[in-house]
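> missing the sequence, but the structure's below:
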């Protein structure tokens with residue numbers, strides 16, 4: 001069985017690597033390290049299909065060390081022991097360069113088993129990960145390694161790889177290709193900065209197009225059909241998921257409706273309706289809150305409609321609600337107040353409920369002043385009268401501070417007038 005096209009055309013020198021000029025341009029730190037031949041322990045961090053494995057392979061091929069490869073999804077502790085057993089033997093006289101793909105799937109013990117050999121230099125580690133290494137990689141490994149972040153590749157930088165892919169398929173199969181205008185651009189735009197995904201689309205377009213007289217006419221229609229969803233880079237369990245939903249809420253909080261709609265679109269294109277709805281409701285309560293309290297039932301209604309009709313129609317009520325939240329006045333006074341109150345409770349800073357607020361109890365002989373003594377506010381002018389509500393220990397505690405917005409200031413003015421100096 002033939003290897004995938006992405007593997008068959010993998011570059012063998014740094015000059016042919018697509019993108020990553022911030023790392024691989026002449027004079028950049030990683031370029032200089034590789035050119036020196038003195039390779040330290042390296043960790044390559046970034047999304048899939050952006051060149052991490054390619055660069056690691058180029059380094060491995062240029063070193064005089066024995067190359068061994070492991071993948072964190074399938075490798076075991078025994079695999080590590082087998083590699084260690086080769087050290088100081090004729091099969092690895094100059095040590096081993098270990099390329100460990102998806103290191104985030106190695107548990108702490110497996111990562112620790114490499115530490116001794118990384119420290120003494122007998123194993124040089126090049127590890128790659130799609131997850132944030134500072135969360136997933138054992139700190140002792142991190143402290144002995146240099147981390148380089150690989151970024152999604154710009155669409156225009158992917159075009160040469162797509163063209164090369166079509167040329168190789170044409171040559172291998174001895175078939176002439178007629179590629180309609182816009183096909184290559186469509187594939188580049190639809191791969192989300194992932195070269196591997198782009199080359200998979202190239203293969204799909206090639207083999208999905210019928211051959212007519214040793215010729216294939218690859219149309220924009222077939223390219224659209226085979227790449228229509230590939231622009232969405234999204235992993236519900238990975239960093240990309242949390243980055244997008246974080247940007248989604250922060251854009252609404254920051255009152256930028258255009259950015260909020262952009263991130264909503266990315267969530268919906270990935271089919272992640274639950275995250276879109278949940279963060280929208282949180283933002284309505286947390287970031288708009290008392291500045292416009294009517295927004296909470298409005299957003300809840302929009303979410304209910306979205307969940308009832310499902311995608312793609314769900315985009316409409318959600319877009320309305322997102323724009324409303326983004327453009328509404330903001331206040332987090334409610335969130336700040338409850339957080340202060342919960343901090344007191346967790347710290348044990350509370351006391352017995354005042355007698356007048358308790359449920360009615362039988363007063364025994366030991367109770368000197370018998371009675372409930374609760375004052376029913378509706379029996380008084382303006383439906384309010386002074387009485388103590390907080391426990392004695394914290395009776396003067398203030399959790400809530402009125403926000404500066406028009407709504408809360410109107411409430412403050414009202415209660416200042418009613419309560420006067422009685423509080």
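Structure received. Computed from a predicted structure; not experimentally measured.

> Can you name the next helix or strand after the longest helix along the chain?
Longest helix in the chain, counting residues (DSSP state H): helix 155-173. Next in sequence after helix 155-173, counting helices and strands by DSSP states H and E, comes strand 176-179.

> tell me the mean pLDDT for that next one?
Average pLDDT, strand 176-179: 90.

> what residues does it touch?
Contact with strand 176-179 is made by 166, 169-170, 206, 214-218, as judged by C-beta atoms under 8 Å, 6 or more residues apart in numbering. Heads up, the C-betas are built off the backbone N, CA and C, glycines and all.

> Roughly how far does the closest residue to residue 419 other than its chain neighbours sit from residue 394?
Nearest residue to residue 419, sequence neighbours excluded (C-beta to C-beta, 6 or more residues apart in numbering): residue 384, at 7.0 Å. Per C-beta to C-beta, to the nearest Å, residue 384 is found 21 Å from residue 394.

> quick one: contacts for residue 316?
Applying C-beta under 8 Å, 6+ apart to residue 316 gives no contacts.

> Oh, that last question was meant for residue 328, not what I typed.
Contacts of residue 328 (C-beta under 8 Å, 6+ apart): 288, 291-292, 295.

> Just send these back as TSV, with neighbour count, secondary structure and pLDDT too.
TSV is the format used below for those (neighbours: other C-beta atoms under 10 Å; DSSP: H, G, I helix; E, B strand; the rest coil; pLDDT from 0 to 100):
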residue	neighbour count	secondary structure	pLDDT
288	27	helix	95
291	21	helix	93
292	19	coil	94
295	20	helix	95
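
> Looking at those residues, spot the one nearest residue 158.
Distances from residue 158 to those, taken as C-beta to C-beta, are shortest for residue 288 (40.6 Å).

> Would you mind confirming that the closest one makes contact with residue 326?
No: applying C-beta atoms under 8 Å as the test, residue 288 and residue 326 come out as separate, 9.5 Å apart.

> give me the number of residues near residue 419?
Counted with other C-beta atoms under 10 Å, the neighbours of residue 419 add up to 13.

> try residue 8
13.

> swap in residue 268?
20.

> Please apply the same query to the one 5 residues further on.
Burial of residue 273 is recorded as 18 neighbouring residues (other C-beta under 10 Å).

> With residue 318 as the reference, measure out to it.
Separation of residue 273 from residue 318 (C-beta to C-beta): 8 Å.

> which residues do the two both contact?
Common neighbours of residue 273 and residue 318 (criterion: C-beta under 8 Å, 6+ apart): residue 306.

> In which helix or strand does residue 283 reside?
Using DSSP H and E, residue 283 falls within helix 273-283.

> Tell me which residues of that helix come out buried.
273, 275-277, 279-281, 283 (16 or more other C-beta atoms under 10 Å).

> Also stretch 305-316?
Buried residues in stretch 305-316, defined by neighbour count with 16+ other C-beta under 10 Å: 305-306, 314-315.

> coming back round to it: among the buried residues of helix 273-283, pick out the one closest to residue 102, please.
Scanning these for proximity to residue 102, where the rule is C-beta to C-beta, the winner is residue 275, at 24.4 Å.

> Identify all contacting residues around stretch 147-156.
By C-beta under 8 Å, 6+ apart, the list of residues contacting stretch 147-156 reads 18-20, 22-23, 30, 42-47, 50-52, 133, 185, 188-189, 191-195, 233.

> Mind doing that once more with 6 Å?
Here stretch 147-156 makes contact (C-beta atoms under 6 Å, 6 or more residues apart in numbering) with 18-20, 23, 30, 43-47, 50-52, 133, 188-189, 193.

> so how many other residues sit close to residue 386?
12.

> Pretty sure it sits in a helix.
No: membership of residue 386 in a helix is not supported by DSSP: H, G, I helix; E, B strand; the rest coil, which gives coil.

> Could you list the low-confidence segments of this structure?
1-2, 64, 93, 228-239, 360-372, 421-423 (pLDDT under 70).

> where exactly do the strands run in the chain?
Assigned by DSSP state E, the chain shows strands spanning 42-45, 66-71, 96-101, 123-129, 146-149, 176-179, 215-218.

> Of these, which stretch is the most buried?
Of all the strands of the chain, strand 123-129 carries the top mean neighbour count, a mean of 25, counting by mean count of other C-beta atoms under 10 Å.

> Now do that one against strand 96-101, angle only.
In terms of direction (axes from the mean of the first three to the mean of the last three C-alpha atoms, to 10 degrees), strand 123-129 departs from strand 96-101 by 10 degrees.

> so what strands line up beside strand 123-129?
With DSSP bridges as the test, strand 123-129 is paired with strand 42-45 (parallel), strand 96-101 (parallel).

> Include distance to residue 222 when you put the ones you listed into JSON lines, please.
Below are the strands paired with strand 123-129 laid out as JSON lines (distance: least, C-beta to C-beta, whole Å):
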{"stretch": "strand 42-45", "distance to residue 222": "34"}
{"stretch": "strand 96-101", "distance to residue 222": "32"}
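
> Of those, which is nearest residue 416?
Proximity to residue 416 (C-beta to C-beta) singles out strand 42-45 among these, at 54.7 Å.

> how far out from the middle of the chain is the closest one?
On the basis of C-alpha atoms, centre = their mean, to the nearest Å, strand 42-45 sits 18 Å off its chain's mean C-alpha point.
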